[in-house]
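**Q** Structure of the sequence below:
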Amino acid sequence: MTDEKSTNQESNIYLPSVLGLLLVLIAAAAVWVGQVSPLVAEQAAPEPAVAPVQGEPAPAQVSLGDATVGQTLFSQTCSACHGPTGQGIQNLGKDLTVSQFVAGQTDTELIAFIKVGRGSTDPLNTTGIDMPPKGGNPALNDEDLQNIVAYLRTLHK
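**A** All right, here's what the predicted structure looks like:
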């Protein structure tokens, strides 16, 4: 009985390391999948329904998502490129707090955009870096994306 207990304790020592390695591999696979399929993202990219009028602010959006939940999801998925408060990281992710693209899109259009991302060769991509579909997190569902968009609406100045 003592030998069995000792063996169980020894195997439990490695469990956190194995779980951590597994999480890193899953994250790396998600990023890799996002980089492998930019052509699919470019082909599926939605066209804006109406171009925003130059010089006129877009009407305020009232989002149906939960901005508090969206902030957590944004922090986990989007902040690596767009910064912890959406202010952007130079040459990596755009500043979402002043983005006319974000302001000019409906929630539905933004969700569709986030689902497919934006390839580095897209003419509207000014960073030269791929935005992978769903920010590289394929586990995000429509409700998660609605919550992220609700959070984005709170950021815009």
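**Q** what residue ranges in the protein score low on pLDDT?
**A** Low-confidence segments of the chain, defined by pLDDT under 70: 1-12, 15, 17-25, 27-63.
**Q** 50 - rerun?
**A** Scanning the chain for pLDDT under 50 picks out the ranges 36-45, 47-53, 57-58.
**Q** now the strands for it?
**A** Under the criterion DSSP state E, the chain contains no strands.
**Q** now the helices for it?
**A** Secondary structure of the chain, counting by DSSP state H: helices at 2-13, 15-36, 38-44, 67-77, 79-82, 100-104, 107-116, 142-155.
**Q** Touching, residue 148 and residue 65? I think so.
**A** Yes - assessed by Cβ atoms under 8 Å, residue 148 is found in contact with residue 65 at 7.3 Å. C-betas here are computed from N, CA, C, even on glycine.
**Q** ok, these two, which is more surrounded?
**A** Between residue 148 and residue 65, counting by other Cβ atoms under 10 Å, residue 148 is the more crowded of the two (29 against 22).
**Q** Not counting sequence-adjacent ones, nearest residue to residue 75?
**A** What sits nearest to residue 75 in space, not counting adjacent residues and going by Cβ to Cβ, 6 or more residues apart in numbering, is residue 84, at 6.5 Å.
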